[in-house]
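Novice: Need coordinates for the below:
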Amino acid sequence: MANEYDLVILGGGTGGYVAAIRASQLGLKTAIVEKGKLGGTCLHNGCIPSKALLRSAEVYATAKKAEDFGVLTSDVSLDFGKVQARKAGIVQKLHSGVQYLMKKGKIDVYEGNGRILGPSIFSPIPGTISVEMNNGEENEMLLPKNVIVSTGSRPNTLPGLDVDGKYVLSSEEALKMEELPKSILIVGGGVIGVEWASMLADFDVDVTVIEYSNTIVPTEDKEISLELKKQLEKKGVKVVTGAKVLSETLEKKEQVTIQAEIKGEKVFFAAEKLLVSVGRIGNVEGIGLENTDIIVNNNKIEVNDHFQTKESHIYAIGDVIGGLQLAHVASHEGLKAVEHIAGLTPERLDYQKIAKCIYTHPEVASIGYSEEEAIAKGFAIKKGKFSFQAIGKALVHGEQEGFVKIIADRKTDDILGVHIIGPHATDMISEAALAMVLDAAPWEIGATIHPHPTLSEAIGEAALAVDGKEIHG
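Specialist: Numbers count the residues shown, from 1 in each chain. Just a heads-up that it's a prediction; the model follows:
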């Protein structure tokens, strides 16, 4: 006998469980099918554990320069076992919190792999879910009125760079390292790659980043990319750009060696380990999509503005649809999908008004268009830029590297993009996000009184600088 639901969600990651909570609030009988742990990649193999390690790396790096603050220490050392134990404790606490939220919302959780069935005795249309239970018990059959596919993604790799967990790692294996390597090659200078580079360099690992593009984090504003490269190099990271890794040259003996083609010449690299960081790929296999009319291209499920697939009662959100593969994006896609299922009329999600964050040290955060994108789209722009060098709180913290940059439309005064590299950039970007949601002009941010001394003063000064009115510049 099938269990009936208003909504069944395949995948209990950030997008899935947030969607389930909203569905419960709207009175929908809801279930989640999750083959791993609630919280998904973000909680267990991504956002949270990596940021816990980054925080330990930041504290260690600060302790090593404590004398700059007049604090005398001796024999500062790192216990990586305790670093990992702290990370595990944070993950466990948050996991328990998600489990509690499911019970609070009376959301049923099936631990197993869910597969969408085609038309059957249970339903004349695709959508019945067969759950292969983790505990080996007989499959559960779920009969939902609506389905949300939120199965997330996994680390991508390159042909010939197969992850073995010993010499060649993905970010998931790297998170589980029991000991730090003396040296590491990171193939890929995107968001995940540079976060690992920053972290491991702060842990005293010899780091080399090999990036195919001519800049690291190539989707960021060019000035931000160049400044981040400069700051990584200051902490000892070797950054190699415009390099095509030759996978066929990979050798694994006592260390990893590989060659890359740079400006027509082959260059040799060697390290104790190699981390492959070349993006993520959607989990579309093994969930029964072939039993539906759902369209999948390049491991991405096609959806409309309401996140409906070709099967209008089956929705998809998060990494599995491509786009911005960020936890907070998946959450809000889930909210929009559930509200549409419930008969509400949610506004279309505007991806230009969603902030992106990079948790390097210094941090990077941005929203909207880069300067290059704005010009390419035909905008006549004006811009303001303000350095943290002139911000008292940044000097107090001993973290004056970086700047805030604001790009606006010269004709309408609309803010087109905000870009920050510097201390606590990821915490400050939300002011810019709110400004863009409210269609604020730079002068309105500048007219907002930012308390002194705070890091946020840099945002106010950059906004004034758009019209040449900055005070401390």
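
Novice: so residue 224 touches residue 366, yeah?
Specialist: Yes. Here residue 224 reaches residue 366: they are 6.9 Å apart, a contact under CB atoms under 8 Å. Placement of C-beta: from N, CA and C, glycine included.

Novice: tell me, what's touching these two both at once?
Specialist: Taking CB atoms under 8 Å, 6 or more residues apart in numbering as the contact definition, residue 224 and residue 366 share the neighbouring residues residue 419.

Novice: now the helices: where do they sit in the stretch 51-200 of the chain?
Specialist: Under the criterion DSSP state H, counting those that start in this stretch, helices of the stretch 51-200 of the chain are mapped to 80-104, 171-175, 191-202.

Novice: Tabulate those helices (TSV), appending mean pLDDT, distance to residue 316 and mean neighbour count.
Specialist: Listed next are the helices of the stretch 51-200 of the chain as TSV, based on pLDDT from 0 to 100; distance: least, CB to CB, whole Å; neighbours: other CB atoms under 10 Å:
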stretch	mean pLDDT	distance to residue 316	mean neighbour count
helix 80-104	98	21	14
helix 171-175	97	23	19
helix 191-202	98	23	25
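
Novice: For the helix or strand containing residue 239, which helices and strands make contact with it?
Specialist: For residue 239, the host element (DSSP states H and E) is strand 238-240. Helices and strands touching strand 238-240, by 3 or more CB pairs under 8 Å, 6 or more residues apart in numbering; DSSP states H and E, are strand 206-210, helix 222-234.

Novice: Which residues does that strand contact?
Specialist: So strand 238-240 is contacted by 189, 197, 207-211, 216, 229, 232-233, 260, 262, 267 (CB under 8 Å, 6+ apart).

Novice: and with 7 Å instead?
Specialist: Among residues not part of strand 238-240, those counted as contacts by CB atoms under 7 Å, 6 or more residues apart in numbering are 189, 207-211, 216, 229, 232-233, 262.

Novice: and residue 36, backbone torsions?
Specialist: phi -110, psi -120 (degrees, to the nearest 10).

Novice: Grab the nearest non-local neighbour of it.
Specialist: residue 44 (7.1 Å; CB to CB, 6 or more residues apart in numbering).

Novice: same check, this time on residue 400
Specialist: Once its chain neighbours are removed from consideration, residue 400 has its nearest residue in residue 394; the separation is 4.5 Å (CB to CB, 6+ apart).

Novice: Would you pull up how far the helix or strand hosting that neighbour lies from the middle of the chain?
Specialist: Residue 394 is part of helix 392-397 when elements are defined by DSSP H and E. The chain centre lies 28 Å from the centre of helix 392-397; the measure is CA atoms, centre = their mean, to the nearest Å.

Novice: Which neighbours in the sheet does the very next helix or strand once past that helix have, and how are they oriented?
Specialist: As assigned by DSSP H and E, the chain's next helix or strand after helix 392-397 is strand 403-409. According to DSSP bridges, the neighbouring strands of strand 403-409, each with its direction, are strand 381-387 (antiparallel), strand 415-422 (antiparallel).

Novice: Give me whichever of these is most buried.
Specialist: The densest packing among the strands paired with strand 403-409, expressed as mean neighbour count by mean count of other CB atoms under 10 Å, is seen in strand 415-422 with a mean of 27.

Novice: Give me the residues contacting that strand.
Specialist: With CB under 7 Å, 6+ apart as the criterion, strand 415-422 contacts 221, 224, 227-228, 362, 364-370, 374, 379, 381, 388, 394, 401-409, 428-429, 432, 435-436, 440-442.

Novice: Quick one: residues contacting residue 331.
Specialist: Under the criterion of CB under 7 Å, 6+ apart, the neighbours of residue 331 are 14-15, 18.

Novice: 10 Å instead, please
Specialist: By CB atoms under 10 Å, 6 or more residues apart in numbering, residue 331 lies in contact with 13-19, 21-22, 42, 317-318.

Novice: One more: residue 108?
Specialist: Taking CB under 10 Å, 6+ apart as the definition of contact, the neighbours of residue 108 are 3, 5, 8, 20, 29-33, 102, 140, 142.

Novice: Check residue 32 too.
Specialist: With CB under 10 Å, 6+ apart, residue 32 has these contacts: 7-13, 16-17, 19-20, 23, 38, 102, 107-111, 114, 148, 150.

Novice: Give me the secondary structure label for it.
Specialist: Under DSSP: H, G, I helix; E, B strand; the rest coil, the three-state class of residue 32 is strand.

Novice: now it, which residues is it bridged with?
Specialist: Residues in a beta bridge with residue 32, per DSSP bridges, are residue 9, residue 109.

Novice: still on that earlier bit, verify the stated contact: the residue nearest to residue 36 with residue 52.
Specialist: No. No contact is recorded between residue 44 and residue 52 when judged using CB atoms under 10 Å, the distance being 11.7 Å.

Novice: which residues are common contacts for these two?
Specialist: Joint contacts of residue 44 and residue 52 (CB under 10 Å, 6+ apart) are 91, 175.

Novice: dump the residue contacts of the residue nearest in space to the middle of the chain.
Specialist: Centroid-nearest residue in the chain, with CA atoms, centre = their mean: residue 326, separated by 4.2 Å. Listed by CB under 10 Å, 6+ apart, the contact set of residue 326 reads 14, 42, 47, 191, 318-319, 332, 354-357.

Novice: Widest-spaced pair of those?
Specialist: Of all pairs drawn from the contacts of residue 326, the greatest distance, 18.9 Å, lies between 191 and 332 (CB to CB).

Novice: count of neighbours near residue 322?
Specialist: By the criterion of other CB atoms under 10 Å, residue 322 has 18 neighbours.

Novice: what's around the residue lying closest to residue 101 once chain neighbours are set aside, how many residues?
Specialist: The shortest distance from residue 101 to any non-neighbouring residue, by CB to CB, 6+ apart, is to residue 21 (6.0 Å). In terms of burial, residue 21 registers 21 neighbours under the definition other CB under 10 Å.

Novice: mind checking the SS state of residue 21?
Specialist: Reducing the assignment to helix, strand or coil with three-state DSSP, the entry for residue 21 is helix.

Novice: Surely it and residue 107 touch.
Specialist: Yes. Taking CB under 10 Å as the contact criterion, residue 21 and residue 107 are neighbours in contact, 7.3 Å apart.
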